[in-house]
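Student: Attaching a predicted model along with its sequence, questions to come.
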Protein chains: 2
Amino acid sequence: MDQASISFDTVRSARLFEEICDQIKGQLSQGKIRPGDKLPPERDLAGQFGVSRSAVREALRALEVSGLIELRKGAKGGAFLLEESAPLTQSMEDMIDLGRVSMRDFTEARILITEVVVRLACERGKKKDFNAIERDIERLEAAVEKGDGRSDATYVTNFYDLLAAATGNQMLRFLTHGIAQLLAGLISARRPAPMHDLGERRRAILMCLRARDADKAGKLLTEHLMRVHARMEK
Amino acid sequence: MDQASISFDTVRSARLFEEICDQIKGQLSQGKIRPGDKLPPERDLAGQFGVSRSAVREALRALEVSGLIELRKGAKGGAFLLEESAPLTQSMEDMIDLGRVSMRDFTEARILITEVVVRLACERGKKKDFNAIERDIERLEAAVEKGDGRSDATYVTNFYDLLAAATGNQMLRFLTHGIAQLLAGLISARRPAPMHDLGERRRAILMCLRARDADKAGKLLTEHLMRVHARMEK
DNA sequence: ACAATAGAATGGTCTGACCATTAGATGCGC
DNA sequence: GCGCATCTAATGGTCAGACCATTCTATTGT
């Protein structure tokens, strides 16, 4: 047989905690454990795996950093499987924090991707999706009325999550969520002046979605995002 | 003062290893330590931070999982700051492995994003960028001639990395790299039949880039990626 | 009833030890 | 001298057992 055609998997890396991670991920992907569930306490896990508590801890730490579990202390605490964890957020934050990606590049990528998302949402969105967006806008406007429109990164990100949801593509949802999360962090840090016509603008986009006018929706959105960017730079 | 306008930062989480992570990230973002550097041994770090080795280990584990450092054992081993780490790859792999994103959605997102990238590369790419792509295609074809064209995920991903580089947007580079990495993993796992006209197709796209014909470049690329997808599904 | 307190569960940290792997130094045979 | 085997030190990986801090629950006292 041709020598070159033989291939090996990279050898199991000889690190216990990785093996433990993989087993837990395995259980998760097979549905034997599910989001929301609680893993056994560290001491029990150590017993079940036949390793020390340290090895288990390193594995749990790795899973936590990967965004798969959350660790709570105290009685009734433990390692809880996260729901729809948005795994990309942390990595993106790192990229910005460490200066590996400039704000400018981030914004540009955001605009490009969001435009793709809105176009796809335009093609595929169902009435249900659009109604959800409308309700979100109403909540936003009600909140702005009451004056508590600044503290809530939630209102900022929710819109984009719903937009991505309308595409029906889970990968785009994660991506969009990560980007929106990151942006929300920046907003709450910089506290730019509130945008009075936010609801109005979003409504305009929603109308395009319902009219299936992808070009106009994309254009409105891009324009809006550029204005947001301009505000952030001041 | 309006009660609602007061805000607190989330309280410093009382976990030592996070503090350590943050300090190391801080040094990194201030350029006091740089990619390629080696951090002091765990035992020394423990001394410097005034904590136990366990706390340091958890911090290093977290940084490793985040894709910021690499741990090598043995003499001359240690924690090395990674270069242009592609932090998103691991998270994306998890999404697929855990079944949170279907292959279909992933491919669709890949196609959409790559099309955006190729269009932008078309607008902005310099001669230098296109020449680099051309050399890469030549290397690919040479490798295929010699018959070692199957084992190397490198040749698969390199093209897309170079494409993304031509956009000049670092965020898109990371994103594209993550996607390509993940795909490379899938390819080397499934070993589909080699694509004999890969070089030819890439050359066609390159021609469009040089001619600044974004529409055609996007079209060719999308078509190509769909064929790749079809092959993977078999 | 209600509040204060005690207790148990559980993650976070510490100490100190030993193991496994790696790079380099040492030494032996030729 | 050269080359190969061996030894040594450095360093991450793991272990064992302890204690601390936090959080929930149950009991107790008023």
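Tutor: Thanks, I have it.

Student: residue ranges of the helices in chain A, please?
Tutor: Assigned helices in chain A, in chain order: A:16-29, A:42-49, A:53-65, A:88-97, A:103-124, A:127-146, A:153-167, A:170-190, A:198-210, A:214-233 (criterion: DSSP state H).

Student: got those helices as TSV, with mean pLDDT and mean neighbour count columns?
Tutor: Heads up, the C-betas are built off the backbone N, CA and C, glycines and all. Output for those, formatted as TSV (pLDDT from 0 to 100; neighbours: other Cβ atoms under 10 Å in any protein chain shown):
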stretch	mean pLDDT	mean neighbour count
helix A:16-29	94	17
helix A:42-49	96	15
helix A:53-65	97	22
helix A:88-97	88	21
helix A:103-124	95	20
helix A:127-146	89	15
helix A:153-167	89	21
helix A:170-190	88	21
helix A:198-210	93	18
helix A:214-233	90	16
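
Student: Dump those helices into TSV; add distance to DNA strand D as well.
Tutor: Listed next are the helices of chain A as TSV, based on distance: least, Cβ to the nearest atom of the strand, whole Å:
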stretch	distance to DNA strand D
helix A:16-29	3
helix A:42-49	7
helix A:53-65	3
helix A:88-97	20
helix A:103-124	32
helix A:127-146	28
helix A:153-167	23
helix A:170-190	23
helix A:198-210	35
helix A:214-233	34
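
Student: can you tell which of the ones you listed is closest to residue B:43?
Tutor: Closest to residue B:43 of the helices of chain A, according to Cβ to Cβ: helix A:53-65, at 15.7 Å.

Student: quick one: is the closest one near DNA strand C?
Tutor: Yes. Counting by Cβ under 7 Å from any atom of the strand, DNA strand C has neighbours in helix A:53-65: A:53-54, A:57, A:60.

Student: Just the residues contacting that helix, thanks.
Tutor: Here helix A:53-65 makes contact (Cβ atoms under 8 Å, 6 or more residues apart in numbering or on different chains) with A:16-18, A:20-21, A:24-25, A:39, A:42-43, A:45-46, A:49, A:69-71, A:79, A:90, B:17, B:54, B:57-58, B:61-62, B:64-66.

Student: In contact with the residue of chain A found nearest DNA strand D, which residues are there?
Tutor: Relative to DNA strand D, the nearest point of chain A is residue A:74 (2.1 Å; Cβ to the nearest atom of the strand). Contact analysis of residue A:74 by Cβ under 8 Å, 6+ apart lists nothing.

Student: any idea how far the spatially closest residue to residue A:156 that is not a sequence neighbour is from residue B:35?
Tutor: Nearest-residue entry for residue A:156: residue A:184, 5.2 Å, with adjacent residues in sequence omitted and distances by Cβ to Cβ, 6 or more residues apart in numbering or on different chains. Residue A:184 sits 29 Å away from residue B:35, going by Cβ to Cβ, to the nearest Å.

Student: Also residue A:176?
Tutor: Applying Cβ to Cβ, the value for residue A:176 to residue B:35 is 29 Å.

Student: which residues touch residue A:17?
Tutor: With Cβ under 8 Å, 6+ apart, residue A:17 has these contacts: A:55-56, A:58-59, A:62, B:61.

Student: Which two of those have the greatest separation?
Tutor: Spanning the widest gap among the contacts of residue A:17 are A:56 and B:61, at 12.2 Å by Cβ to Cβ.

Student: wait, residue A:214 sits on residue A:123?
Tutor: Yes. If you go by Cβ atoms under 8 Å, residue A:214 and residue A:123 touch, sitting 6.5 Å apart.

Student: Enumerate the residues of chain A near DNA strand C.
Tutor: Counting by Cβ under 7 Å from any atom of the strand, the residues of chain A that sit close to DNA strand C are A:14, A:39, A:41-43, A:53-54, A:57, A:60, A:71-79.

Student: So what touches stretch A:165-180?
Tutor: Stretch A:165-180 is contacted by residues A:86-89, A:91-92, A:109-110, A:113-114, A:116-117, A:120-121, A:124-126, A:129-130, A:132-133, A:156-157, A:160-161, A:163-164, A:209, B:95, B:100-102, B:105-106, B:108-109, B:112 when judged by Cβ under 8 Å, 6+ apart.
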